[in-house]
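Q: My questions concern the predicted model and sequence given below.
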Amino acid sequence: MKTKIVISAILTLGISPLQAQGWEWRNPLPQGDNIRQFQFADQNHGWIVVQSSNILRTTNGGTTWKLHRLSFSPRRISFINANEGWAIGSKHPYDLKCGIYHTTNGGVTWEQQLGDTTELSGDIKFTDRRNGWAIGQHAGIWHTNDGGKTWAQQAGRNFVRPAGGDYALSFRDSLRGWAGGWMFYASKTFDGGKTWIRDSTLQGYTQFLFVDSTFGWASNSAKGKNVLRTTDGGLTWSVTGTSIKGLAYPISADTCFVFNSGVFKTTNGGLSWARISTQSLSFGFVVDSLRMWGAKQQVGGSTNVFYESTDGGVTWIERLHDQFGPGVTFLHSVDFADSLTGWVVGSTYNPSGISFIAKTTDAGKTWNKQATGLPNEPLAIEFVNEKTGWVVGRNGMILKTEDGGVSWSSQTSATSSTLWDVQFVDSQKGWTVGTAGVILKTTNGGSAWLDVTPEGIRGLGRVQFTDSLNGWAMGANIFLRSTDGGMTWYNPIVDGTTGLHSFFFVNPSKGWATRTISPIESYKIYSTADSGKTWSFQTDLNKNFFGGAIAFSDLKNGWVVGWGGFIYHTSNGGATWRDQTGATSRGLRDIKLLTDKKAVVVGDMGTVLYTESGGVLSNSNTNDPPPEKFKLYPNFPNPFNSGTTIRFELPEASEVSVEFYDILGRKVDTVLLGGKTPGQHQFRYEPKLLTSGIYFYRVRTEYQSLTGKVLLIR
């Protein structure tokens with residue numbers, strides 16, 4: 001069998017995508033991402049689109065919701081009945097490239113109809129099985145008349161600009177439609193999109209809903225426009241009687257609901273309105289005169305809480321279960337004493353601003369708060385067994401428990417600096433680090449803490465010891481090593497590597513670290529086999545992590561998690577990394593490995609994720625042969641001057657490329673070797689423009705890639 005390889009640049013180096021992952025929500029339930037859209041096809045069948053590779057589906061009017069994992073992150077959907085629908089979406093929640101997808105089984109599975117582009121990323125609407133439209137900032141308006149098999153542009157990109165805001169499509173039928181957005185021109189068509197005409201009277205309107213061929217309402221998602229009503233099929237529009245603002249949801253010619261800082265209702269076509277509820281809702285969907293759904297916009301524009309009303313919008317019931325309570329919750333750190341028993345520390349930002357410690361005895365399915373209202377915000381937690389643990393946080397706070405978290409006692413830290421991390425190798429020996437370069441050490445379980453802060457060191461955020469002698473600490477552009485239990489510290493790096501951000505060691509020699517040069521650059525993964533003296537480039541994750549963590553259970557199995565819900569996993573010591581992103585778009589702050597397959601991740605908005613399959617679904621095909629079957633031999637000579645020979649061995653036929661990177665991880669050259677048969681191969685590399693220095697090369701195939709290091713001396 002011949003394996004086809006895609007020659008890729010550094011942006012996808014060493015990363016193989018998976019279509020679905022074995023990460024499940026543990027909190028909040030049924031999910032905790034921003035809500036993008038509600039839609040119901042009838043009174044029973046409905047969907048909620050969220051900002052991740054998930055979609056919620058109900059078949060009983062919302063009594064229960066099932067979470068479906070998808071191979072893409074949907075942005076907008078359009079269902080014409082309970083089974084058939086279309087979606088625009090991207091491979092990752094924050095990607096600009098979107099494709100068009102089609103389902104015939106209610107959204108359980110999807111088939112991609114149109115490949116990923118940078119164009120159609122705004123909205124999609126179908127009026128029947130054949131006719132549909134899509135809109136995007138850089139694409140204009142596109143139309144299909146064969147159910148999405150082919151698409152043709154109806155209006156150019158300049159027609160829908162200026163850019164910005166929400167792009168929305170609304171169609172009364174297959175002929176009459178409107179395109180709107182709160183920061184760009186409104187347009188209308190009365191001939192199925194053959195011609196689109198700008199309408200200045202509707203500029204800024206995003207939603208046009210009709211109850212029949214005559215009566216309809218226009219409204220605005222930004223809540224800045226008065227609700228309009230038409231009685232002639234959209235030819236003319238007029239402001240409703242009391243100038244109500246918000247999103248309008250009509251159910252008849254006379255009855256309409258508006259969601260805003262309250263719920264408003266009219267039964268006389270907008271001549272008068274009554275405020276029937278004080279519930280603030282950003283958007284939603286009205287199923288009928290009694291049953292409706294809404295989403296509430298929270299801090300930072302999040303709409304992760306949704307509500308249901310069954311009495312016509314008068315009372316609303318929250319349909320999101322967050323075990324850490326109402327408000328915006330950030331989970332900072334997690335630790336487990338065994339595969340079931342664990343603790344998490346976090347802060348809930350609501351009017352009371354409560355910080356807490358919570359415990360689980362079922363691997364994160366349920367959590368019980370053990371301590372609330374702590375004297376300072378907790379930032380890190382560490383347990384050495386099921387009874388003994390520590391929490392550190394702001395203003396030098398150190399807390400200890402000896403009864404599994406039932407009670408906590410304060411320990412004297414002799415510092416007011418914020419303590420960001422803590423680690424113990426047993427019940428007596430431990431370390432904590434913080435701002436101003438603070439390093440504290442204890443040899444008696446925290447009864448006394450010794451200040452071992454080195455001179456001239458700025459803030460530190462991470463610390464790890466593999467035993468009572470060997471440890472490392474890290475801060476902004478600072479990497480320290482200790483071989484005497486933390487009494488003295490020094491910078492071990494001898495090869496000039498800088499910008500290490502997060503690290504993890506499995507023994508005194510072998511470790512990994514994420515690295516970035518600036519906040520806007522993507523994170524790269526490096527490894528060391530000599531305690532951090534020299535670092536070898538492994539891969540570029542192509543993501544801006546902004547925090548997060550890296551952890552390994554052994555020499556082969558590890559994860560890195562971070563901002564945007566990004567999760568990557570390796571099962572071969574970092575030679576290749578698989579993208580497991582998609583379970584959430586929330587920021588992920590910490591990960592705890594329970595075994596080589598089981599892990600718990602925590603993060604923003606109370607997010608708790610869990611896997612017991614290494615993050616991979618049982619039916620996933622990794623396409624990875626055993627790592628030892630694909631071999632890379634040392635190049636010769638090394639160091640070299642004019643040229644060096646690189647040898648490798650393939651287990652099966654494949655096209656091959658070799659990519660070269662400098663010590664900063666920048667790609668400097670690519671050699672395309674073409675198709676190669678199984679067996680050993682070699683080629684001579686003779687760089688013409690490279691200067692003296694250390695370079696990394698990666699021999700890449702579809703199923704795997706391996707890295708070597710060379711020294712060029714001119």
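A: Noted; the coordinates are in hand.
Q: what's the spacing between residue 501 and residue 525?
A: Distance from residue 501 to residue 525, counting by Cβ to Cβ, to the nearest Å: 10 Å. Using the backbone N, CA and C atoms, a C-beta is placed for each residue, glycine as well.
Q: Have a look at these two and say which one is more surrounded.
A: Set side by side, residue 501 and residue 525 show more neighbours around residue 525, with 26 against 23, by other Cβ atoms under 10 Å.
Q: Identify the residue spatially nearest to the residue nearest to the spatial centre of the chain, adjacent ones excluded.
A: The chain has residue 565 as the residue nearest its centroid, 2.3 Å off, counting by Cα atoms, centre = their mean. Excluding its sequence neighbours, the residue lying closest to residue 565 (Cβ to Cβ, 6 or more residues apart in numbering) is residue 584, at 4.1 Å.
Q: And for residue 264?
A: Using Cβ to Cβ, 6+ apart, the closest residue to residue 264 is residue 258 (4.3 Å).
Q: Tell me the gap between the one helix or strand that neighbour maps to and the middle of its chain.
A: Following DSSP states H and E, one finds residue 258 within strand 256-259. Distance of strand 256-259 from the chain centroid (Cα atoms, centre = their mean, to the nearest Å) equals 33 Å.
Q: which residues are in contact with it?
A: Outside strand 256-259, the residues that touch it by Cβ atoms under 8 Å, 6 or more residues apart in numbering are 217, 219, 227, 244-251, 263-266, 269-270, 273, 281-284, 286, 292, 294, 313.
Q: mind listing what it pairs with, with the direction of each?
A: Using DSSP bridges, the strands paired with strand 256-259 in its sheet are strand 247-250 (antiparallel), strand 263-266 (antiparallel).
Q: ok, and what's touching the first one?
A: Spelled out, that is strand 247-250. For strand 247-250, contacts defined as Cβ under 8 Å, 6+ apart pick out 207, 209-211, 215-221, 223, 227, 256-260, 283-286, 292.
Q: Quick one, grab the pLDDT at residue 509.
A: Residue 509 is assigned 96 on the pLDDT scale.
Q: Let's see the strand holding residue 258 as CSV, backbone CA atoms only.
A: Extracted C-alpha coordinates of strand 256-259, given in CSV (Å, rounded to 0.1, in the frame of the first residue of the first chain):
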residue,chain,number,x,y,z
CYS,A,256,-44.3,38.6,19.2
PHE,A,257,-41.7,38.3,22.0
VAL,A,258,-38.6,40.4,22.3
PHE,A,259,-35.5,39.4,24.3
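Q: Now do the same for it: mean pLDDT, whole number.
A: 94.
Q: Now for residue 501 and residue 525: what residues contact both?
A: 513, 514, 515.
Q: Quick check on the last one: phi, psi?
A: Read that as residue 515. phi -150, psi 140 (degrees, to the nearest 10).
Q: Tell me the bridge partners for it.
A: residue 500, residue 524.
Q: quick one: low-confidence parts of the stretch 1-150 of the chain?
A: 1-21, 118 (pLDDT under 70).
Q: ok, the residue nearest to residue 565 - how many residues close by?
A: By the measure other Cβ under 10 Å, the count of residues near residue 584 is 30.
Q: What residues of stretch 666-679 count as buried?
A: Of the residues in stretch 666-679, 667, 668, 669, 673, 676 count as buried by neighbour count, 16 or more other Cβ atoms under 10 Å.
Q: Need the max-distance pair from those.
A: 668 and 676 (23.1 Å; Cβ to Cβ).
Q: Show me where the stretch 301-450 of the chain has its strands.
A: With DSSP state E, counting those that start in this stretch as the criterion, the stretch 301-450 of the chain has strands at 305-309, 317-318, 328-336, 342-349, 354-360, 368-372, 378-383, 389-393, 398-401, 409-410, 419-424, 430-434, 439-442, 450-451.
Q: export the ones you listed to a markdown table and tack on distance to residue 235, mean pLDDT and mean neighbour count?
A: Shown next, in a markdown table, are these (distance: least, Cβ to Cβ, whole Å; pLDDT from 0 to 100; neighbours: other Cβ atoms under 10 Å):
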| stretch | distance to residue 235 | mean pLDDT | mean neighbour count |
| --- | --- | --- | --- |
| strand 305-309 | 33 | 90 | 21 |
| strand 317-318 | 40 | 91 | 10 |
| strand 328-336 | 45 | 93 | 23 |
| strand 342-349 | 49 | 92 | 24 |
| strand 354-360 | 55 | 94 | 21 |
| strand 368-372 | 59 | 93 | 15 |
| strand 378-383 | 61 | 96 | 23 |
| strand 389-393 | 63 | 97 | 27 |
| strand 398-401 | 69 | 97 | 21 |
| strand 409-410 | 72 | 96 | 10 |
| strand 419-424 | 63 | 97 | 23 |
| strand 430-434 | 67 | 97 | 28 |
| strand 439-442 | 74 | 97 | 23 |
| strand 450-451 | 78 | 96 | 13 |
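Q: wait, which of those is closest to residue 509?
A: Closest approach to residue 509 among the strands of the stretch 301-450 of the chain (Cβ to Cβ): strand 419-424, 18.3 Å.
Q: In its sheet, which strands sit next to that closest one, and in what direction?
A: Paired strands of strand 419-424, with direction, are strand 430-434 (antiparallel) (DSSP bridges).
Q: How far does the strand it pairs with sit from its chain's centre?
A: Using Cα atoms, centre = their mean, the mean C-alpha position of strand 430-434 is found 29 Å from that of the whole chain.
Q: on that earlier part again, from the contacts of strand 247-250, which land in strands?
A: Of the positions in these, 207, 209-210, 216-219, 256-259, 283-286, 292 sit in strands, assigned by DSSP state E.
Q: Residue 691: which of these is nearest?
A: Nearest to residue 691 among these: residue 283, at 56.6 Å, using Cβ to Cβ.
Q: Report how many residues lie close to the closest one.
A: By other Cβ under 10 Å, 23 other residues sit near residue 283.
Q: Check the contact between it and residue 295; I expect there is one.
A: Yes - here residue 283 lies in contact with residue 295, judged by Cβ atoms under 8 Å, at a distance of 5.9 Å.
Q: Surely the residue nearest to the centre of the chain touches residue 580?
A: No - assessed by Cβ under 8 Å, residue 565 is found out of contact with residue 580, at 9.8 Å.
Q: The stretch 101-250 of the chain: strands as residue ranges?
A: All strands of the stretch 101-250 of the chain, identified by DSSP E, counting those that start in this stretch, fall at 111-117, 123-126, 132-136, 140-144, 152-155, 168-171, 177-181, 184-189, 197-198, 207-210, 216-219, 228-230, 238-239, 247-250.
Q: Quick one: distance of the fourth one to the chain centre.
A: Offset of strand 140-144 from its chain centre (Cα atoms, centre = their mean): 29 Å.
Q: Who are the packing partners of it?
A: Judged by 3 or more Cβ pairs under 8 Å, 6 or more residues apart in numbering; DSSP states H and E, strand 140-144 is in contact with strand 132-136, strand 152-155, helix 157-160.
Q: angle of it against strand 111-117?
A: 150 degrees (axes from the mean of the first three to the mean of the last three Cα atoms, to 10 degrees).
Q: which other residues reach strand 140-144?
A: 120, 130-135, 150-160, 169, 179, 187, 192-193, 196.
Q: Could you rerun that using 7 Å?
A: The contact list for strand 140-144, computed with Cβ atoms under 7 Å, 6 or more residues apart in numbering, reads 120, 132-135, 150-157, 159-160, 179, 193, 196.
Q: go on, the fifth one?
A: The contact list for strand 152-155 (Cβ under 7 Å, 6+ apart) reads 140, 141, 142, 143, 193, 196.
Q: Buried residues, it. List them.
A: For strand 152-155, burial by neighbour count (16+ other Cβ under 10 Å) applies to 154, 155.
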